[in-house]
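Q: heads up, no residue letters with this:
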């Protein structure tokens, strides 16, 4: 037997092994979507969206296939990342990793196709570039949701703390004041979700300290951490919670004002270069017709003298 025959037999055997592996992986059952907890609620709400409702079964199916390649450390990081984004679409860490893998494969295939059809033979460079560009899209989407959620909570928490202090001064306890804010106050959706989750944890029998620390883990921003730490210290020392809430509301408003002033000062510095460019372009536009007119007048004057 010659070398080409051995090579063809090897390729045939390799193809059968790859096909059998893919067939075995494809037959593995998909994990059923959870309906429990806040993440399960967010998943049920997200399924009402036409686009995600169509893609979700494939993402869940793909999540089972890529789960063995996800380490425990990465799974914990992805799970915390999704939690910070408000349990985005109710996805699990495996499903988020599946989105990254799917988009990377799609980007790599698109890069290879464009490289094949174009005259420039980039090959592996185009595949890697396409995989990197599309593979980062899930991260950017979830990270944008996380930033917007933290901004909304940062804006709405001082008013919510004021209302909680007012309710406690009127005779309500701490869970009752949270319930009034969640049900009747015009707080933003992100803040209502987190306060509602805090109230649920208290109703399930968890201590106030445990529920507050869970809130700080879910929303690790400075205003929430200080709010949680102040309430925990007040409970440990026996201080009145309503007075602590009033102090925290004033502190949060002062910090928000300082942040707005700092952002305004930064914006002034960032506007220096665009302003200089705009002034330069304006001066060029104004001076150009004047120079053309002077040249015309001088050439006409010289022609008249001749």
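A: Right, received. Where do you want to start? Please read these numbers as outputs of a predicted model, since none were measured by experiment.

Q: could you look up the SS state of the most centrally placed residue in the chain?
A: Residue closest to the average C-alpha location in the chain (CA atoms, centre = their mean): residue 143, at 2.0 Å. Three-state call for residue 143 (DSSP: H, G, I helix; E, B strand; the rest coil): helix.

Q: going forward, begin numbering at 49 instead of 1
A: With the count now opening at 49, the last piece we talked about shows up as residue 191.

Q: pull the contacting residues for it.
A: Counting by CB atoms under 8 Å, 6 or more residues apart in numbering, residue 191 makes contact with 129, 133. C-beta coordinates here come from the backbone N, C-alpha and C atoms, glycine included.

Q: contacts for stretch 201-208, please.
A: So stretch 201-208 is contacted by 229, 233, 235-236, 238-239, 242-243, 267, 269, 271-272, 275, 297, 300-301, 304 (CB under 8 Å, 6+ apart).

Q: picking that back up, how close does the residue nearest to the centre of the chain get to residue 128?
A: Distance from residue 191 to residue 128, counting by CB to CB, to the nearest Å: 13 Å.

Q: and the buried ones among the contacts of stretch 201-208, selectable in ChimeraX?
A: Selection command for ChimeraX covering only the buried members of these, criterion 16 or more other CB atoms under 10 Å:
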select :229,233,235,236,238,239,242,243,267,269,271,272,275,297,300,301
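
Q: now, the contacts of stretch 201-208 that are in helices?
A: Judged by DSSP state H, helices contain the following of the contacts of stretch 201-208: 229, 238-239, 242-243, 271-272, 275, 297, 300-301, 304.

Q: out of those residues, which comes closest to residue 209?
A: The nearest member of those to residue 209, counting by CB to CB, is residue 297 at 4.0 Å.

Q: in this structure the closest one contacts residue 216, no?
A: No: using CB atoms under 8 Å, residue 297 is not in contact with residue 216, being 12.0 Å away.

Q: shared neighbours of the two, anything?
A: Common neighbours of residue 297 and residue 216 (CB under 8 Å, 6+ apart) do not exist.

Q: show me where this protein has its strands.
A: Assigned strands in the chain: none (criterion: DSSP state E).

Q: could you chop it up by domain?
A: Under the assignment automatic domain parsing, the domains of the chain span 79-183, 197-306.

Q: do me a favour and get the end-to-end distance for the last one?
A: Same thing as domain 197-306. End-to-end distance for domain 197-306: 20 Å, by CA to CA, to the nearest Å.

Q: and that domain, how far out from the chain's middle?
A: Averaged C-alpha coordinates place domain 197-306 at 23 Å from its chain's average position (CA atoms, centre = their mean, to the nearest Å).
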